[in-house]
Structures are given as C-alpha cells and as structure tokens.
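**Student:** this is the structure alone, sequence omitted:
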C-alpha cells in the first residue's frame, strides 16, 4: 500500500459527459501528479500540483483540468468525454517540488467511456 | 529534453531464465534513475532506484547499475519466477519525472 488513495476505482460513463476523479496523497506529500495510461500510448504525464499551485503541465487536453485543495487532495476533471478518453488514470505523490525522490502511485481509476 | 528509451516488449521467458530489460536515457543534468513495476490490475510500485553514477539499486533479486558512460540503467534478474510477470517501467527524475514506454514481461512455468 503506497498510502495514495484514489476514488472511484471504476467509472463508466457516456460520451459528452463530465467526471471528477479524486486523489489523496500520502501524508506529508505536497506534490500530486496525474497520469493517463492507455493501451496504445503508455504512461502519459498530465499535470503536477505542488502545495496547491500548478507546477508542470504535460500532455493534458483542454477538456481536462485539475486542482489541488488546501488539504492537499486533488481532483482531475474530465469533460466532453470521448471514447478515446477511456483509460486508467493514476495519481502519484511525492514530498518535494521536483527532482530526486521517487513518486508513490495510487491504485488508479479505470474510466470507460461508452 | 530529458527522455528514457527502454526495450520494447513483450518479453516472454521460462521460469528460472535470466532477465535483462534495457534502458537508456538522455539528460542534461544528473538525474536519479528508477525502475517501477506494475502488476496486473495495480498501480506502479517502485522496484529500485539509483541516485548517482555507479550506484547499484537492488530489490527482490532485481538489480540495475547507473552507468553514466553509457547512459544506461539496465534491469537484470538471474532467475525469474512466474510471479515476476508484470510491466516494467524505467524512469528518470531531474526537474521532472520521465517514464519509458514500459516492457511487458510474461514468465511461463
């Protein structure tokens, strides 16, 4: 158990809908990262927050957004969903702003868009 | 920018065979290097790491040595088990974390 929790575990929805994925980092970790893992594209970095502020952006679509709250949990919002958004979404946390320490991954949320 | 290239899979081995998964990196600074493992239906778990040149990371019989001269961090295990079947990701961390594409390993009894 990494100490990172993600809810829900599974989510099934329809095209055009909006969903919110939730992540709670390990106790004391200030950085939260979001990743998308699909069969054909591997692990894609989406976005990082550090202590409530956006720190780095990866291949995140404009339809997607995220935020980190004062209690350090984070939410990833996916809107106008398309079939191609079906994937595993992972959250990870680390104690520092950047570099050096490893990231600790949650169990993921499996999103299925029908 | 920094990047990681790892051996494409899938890799299929018999139990007790020797495993090597190649990983090379490109970085402008002095990154830390990692191997993560993802078992079926689970998130990524840190398998081992090395933070400077010539460091050897090891865990659960797996080893990898940080080779600055060849910019490599190849993963090895002398005798694989069925339970090692998983996807293995090489990664580096400098200012940002970069992951390789992943290598799927299947070990048959």
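**Tutor:** Cool, got the structure. Computed from a prediction, not measured in an experiment: that's the story for all the values here.
**Student:** list the contacts of the residue of chain A found nearest chain B.
**Tutor:** Minimum separation of chain A from chain B (CB to the nearest CB) falls at residue A:105, amounting to 4.0 Å. C-beta coordinates here come from the backbone N, C-alpha and C atoms, glycine included. Taking CB atoms under 8 Å, 6 or more residues apart in numbering or on different chains, we find residue A:105 in contact with A:2, A:4, A:90, A:91, A:92, B:36, B:43, B:44, B:45.
**Student:** can you list the buried residues in the lowest-mean-pLDDT helix or strand in chain B?
**Tutor:** Lowest mean confidence among the helices and strands of chain B (mean pLDDT, DSSP states H and E): strand B:97-99, at a mean of 86. Along strand B:97-99, these residues count as buried under the neighbour rule (16 or more other CB atoms under 10 Å in any protein chain shown): B:97, B:98, B:99.
**Student:** and the residues you listed near chain A, which?
**Tutor:** On the criterion CB under 8 Å from any CB of the partner chain, B:97, B:99 are the entries of the buried residues of strand B:97-99 that sit beside chain A.
**Student:** so for the spatially most central residue of chain A, what's the nearest residue that isn't a sequence neighbour?
**Tutor:** Nearest to the geometric centre of chain A sits residue A:34, at 3.0 Å (CA atoms, centre = their mean). Nearest residue to residue A:34 in three dimensions, chain neighbours excluded: residue A:46, at 4.3 Å (CB to CB, 6 or more residues apart in numbering or on different chains).
**Student:** and the least confident helix or strand of chain B, what does it pack onto?
**Tutor:** Under the contact criterion of 3 or more CB pairs under 8 Å, 6 or more residues apart in numbering or on different chains; DSSP states H and E, strand B:97-99 touches strand A:42-50, strand B:3-6, strand B:86-93.
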